[in-house]
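Chemist: Here you go, sequence then predicted model.
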Amino acid sequence: MSERSSGAFLVGLEFEGTGAHPYSWRREDSRAEDLFTPSYWVDLVTAADRGGVDLAFLPDSFGLQSEGGHAVRGRLEAVATAARLSAVTSRIGLIPTATVTHTEPFHISKAVASIDYSSAGRAGWQVAVSDTAEQAALFGRKAVQAPESAWEEASEAIEVVSRLWDSWEDDAEIRDAASGRFIDRDKLHYIDFEGKNFSVKGPSITPRSPQGQPLIAVDASRPEARDLAVARGDLIRISATDLGEAKATAKLVHSSAAALGRSVRVLLDVDVLLGADRGAADDALAELEEWAGAPYTPHSLFYRGDSAGLTALLREIGGLAGIDGVVLRPLALAAAVEKIATDVVRTLNPRPSIAPTLRERLGFELPVNQFA
């Protein structure tokens, strides 16, 4: 694999229900009966943690899944799930999705900062927006927004959250029993943000967390999100139908970020269906497609086959300039996590980094407080 300033090639896993395929719940090994229990999430994410997987992405949305009449329905809230997982994992980065469109950035800032505390510096936040009338009606606060407007609002929300994370200086807590002063009030700062969508005075009620600024992830596969990803994201997810497209997209993202004086990590999404061999994986896909009554449309690059073949593919991707890692999206989650962690990740990276925070492990500097 090519050398990178950020260290080893990164492997993330997306923990989407019973899998990225909406009919994966019908498989005998899906554990669908456990989907809304803590044991399901604890078992899968701790297996990934033990195996050296770098990042656990926890998708979320305000809307129910919409694929077909008999697809899986319902989801747990991602930020709360990440908080539960922070207590039982030791290394893996926890990246829940939090949608900004109908959520106050003040709430997001303290929720993610709290996970950063409970995980000892392993929290991130994947930014998402809501641009459907059905989801707007769930809140009744405002009309549905066009995608461009929603992502413009998301940029403001990230700015507010970033300022709130810095509104306490690192040494604001003095805990001076003799004088009775718990905090140095001069080291708490109003953020005084006034924008088109938000007006937030601050400061936060949560002290600055171990990473200072938890990492921000953005899915740049949507055109409306690309400018924000480059300007605001630390972890930028891309999709591509082949390695040539992936390499070109990663190069564009890095060059655009560099023009803004920013360093980012580009992660390629890869849909995965594991089997004993390619034939077994094809049979498993055919079963899923029969249940769905439609062929599966991959989100990005699609791998079908055994663990050794996936390892070889990731080595090939790791040799491409500009791609810093992958986010694997198993179509059948419960059947894949242990195999990916044990057979793939440990082969690729038998001595994973144990840097104290996720930010440091991924090669990002600890940020200076903007108010200090």
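Modeler: It's in.

Chemist: Could you pull up the residues touching the nearest residue to residue 355 once chain neighbours are set aside?
Modeler: Nearest residue to residue 355, sequence neighbours excluded (Cβ to Cβ, 6 or more residues apart in numbering): residue 361, at 3.9 Å. From N, CA and C alone the C-beta is placed, and that goes for glycine too. Residues near residue 361 by Cβ atoms under 8 Å, 6 or more residues apart in numbering: 7, 54, 93, 353-355.

Chemist: again, only using 10 Å
Modeler: By Cβ atoms under 10 Å, 6 or more residues apart in numbering, residue 361 lies in contact with 6-8, 10, 54, 91, 93, 121-122, 352-355.

Chemist: Quick check: it vs residue 213, distance?
Modeler: Plainly put, residue 361 is 15 Å away from residue 213 if you go by Cβ to Cβ, to the nearest Å.

Chemist: quick one: the strands in the stretch 1-150 of the chain?
Modeler: Per DSSP state E, counting those that start in this stretch, the stretch 1-150 of the chain carries strands over the ranges 10-14, 55-58, 93-99, 124-128.

Chemist: Out of the ones you listed, flag the one nearest residue 328.
Modeler: Smallest distance to residue 328 across those (Cβ to Cβ): 5.4 Å, for strand 10-14.

Chemist: Next, the angle strand 124-128 makes with the closest one.
Modeler: 60 degrees (axes from the mean of the first three to the mean of the last three Cα atoms, to 10 degrees).

Chemist: what about residue 304, distance to residue 298?
Modeler: For residue 304, the distance to residue 298 - Cβ to Cβ - is 10 Å.

Chemist: ugh, typo on my part, it should be residue 370
Modeler: Applying Cβ to Cβ to residue 370 and residue 298 gives a distance of 41 Å.

Chemist: re the thing from before, name the residues contacting each of residue 304 and residue 298.
Modeler: Residues touching both residue 304 and residue 298 by Cβ under 10 Å, 6+ apart: 271, 273, 331.

Chemist: picking that back up, which residue of residue 304 and residue 298 possesses the greater neighbour count?
Modeler: residue 304 (21 against 18; other Cβ atoms under 10 Å).

Chemist: which SS class is that one?
Modeler: Of the three states, residue 304 takes strand according to DSSP: H, G, I helix; E, B strand; the rest coil.

Chemist: Isn't it up against residue 270?
Modeler: No - in terms of Cβ atoms under 10 Å, residue 304 does not count as a neighbour of residue 270; the distance is 11.0 Å.

Chemist: Common neighbours of the two, please.
Modeler: With contacts defined as Cβ under 10 Å, 6+ apart, the residues shared by residue 304 and residue 270 are 298, 310.

Chemist: Let me know whether residue 39 touches residue 31 as I believe.
Modeler: Yes - between residue 39 and residue 31 there is a contact at 9.0 Å, judged by Cβ under 10 Å.

Chemist: Looking at those two, which one has more neighbours?
Modeler: Taking neighbours as other Cβ under 10 Å, residue 39 and residue 31 compare with residue 31 leading, 18 against 9.

Chemist: Now do the contacts for the more buried one.
Modeler: Residues in contact with residue 31 (Cβ under 10 Å, 6+ apart) are 18, 25, 37, 39-40, 43-44, 333-335.

Chemist: ok, it to residue 260 distance?
Modeler: Taken as Cβ to Cβ, the span from residue 31 to residue 260 is 43 Å.

Chemist: Next, the buried residues of stretch 144-154.
Modeler: Neighbour-count burial for stretch 144-154, counted by 16 or more other Cβ atoms under 10 Å, picks out 145, 149-154.

Chemist: among these, which are in helices?
Modeler: Per DSSP state H, helices hold the following members of the buried residues of stretch 144-154: 149-154.
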